[in-house]
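> Structure for the following, please:
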Amino acid sequence: MTGSTILSPARRVLIADDDVEYARLVADTLAGAYDCRIVSVAEEAVKHFTEFDPAVVVAERWMGDADGLFRLLRGLRSARADLGILLTSTRPMSLAETMQCWDVDVDGCLQKPVAPDELAARVDQVVRRIDAARELHQATADIHPREV
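Residues are numbered from 1 along each chain as shown. Below is the predicted model:
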């Protein structure tokens, strides 16, 4: 985890990448604005996701078993529909591979080496979308409260 203060769940990012050096660079770039946790094994992501409750997951597309990563992302997405998911990729993806990403409802795919500032801007964009959706949901709930 980076930073010394605990930020709200809306400002948490889980970085899942077996390239720990790159993951630390991303976490350092997000530090101050986001509370980051790094996992280097896909199987650890579920545990950290549950404990950490991030707003955004940034995952390396080719980390471990690709099918396992997609099962993981589907599970995370079903647990939290408002979860932001960004995938990075160490190699170009075919159209079929890109379509797999969209089938999991990722918010974006970025080819490495992606500049950490660009990745931070994408995280910001996803968080803004999540925040706007939550505000709209709250405003709708305020206007049309459920009847008891």
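> Quick check: E118 vs A81, distance?
Between E118 and A81 the computed distance is 26 Å (C-beta to C-beta, to the nearest Å). C-beta coordinates here come from the backbone N, C-alpha and C atoms, glycine included.
> Which one's more surrounded, those two?
Neighbour count, other C-beta atoms under 10 Å: between E118 and A81, E118 has more, with 11 against 8.
> now the strands for the protein?
12-16, 35-39, 56-60, 84-89, 108-111 (DSSP state E).
> Could you check the ones you listed and tell me which one is nearest I130?
Closest to I130 of the strands of the chain is strand 84-89 (C-beta to C-beta; 5.9 Å).
> Show me what counts as buried in the closest one.
For strand 84-89, burial by neighbour count (16 or more other C-beta atoms under 10 Å) applies to 84-89.
> Repeat that for stretch 52-60.
By neighbour count on 16+ other C-beta under 10 Å, the buried set for stretch 52-60 is 52, 54-60.
> With pLDDT and distance to Q100 as added columns, please give those in CSV.
Shown next, in CSV, are the buried residues of stretch 52-60 (pLDDT from 0 to 100; distance: C-beta to C-beta, whole Å):
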residue, pLDDT, distance to Q100
F52, 88, 26
P54, 91, 22
A55, 90, 23
V56, 93, 20
V57, 92, 16
V58, 93, 17
A59, 90, 13
E60, 89, 15
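> which strands and helices sit next to the helix ranked longest in the chain?
Scanning the chain for the helix with the most residues, using DSSP state H, yields helix 116-143. Counting contacts by 3 or more C-beta pairs under 8 Å, 6 or more residues apart in numbering; DSSP states H and E, helix 116-143 packs against helix 20-30, strand 56-60, strand 84-89, strand 108-111.
> and with 6 Å instead?
helix 20-30, strand 84-89 (3 or more C-beta pairs under 6 Å, 6 or more residues apart in numbering; DSSP states H and E).
> quick one: that helix to strand 12-16, angle?
Inter-element angle recorded for helix 116-143 and strand 12-16: 130 degrees (by axes from the mean of the first three to the mean of the last three C-alpha atoms, to 10 degrees).
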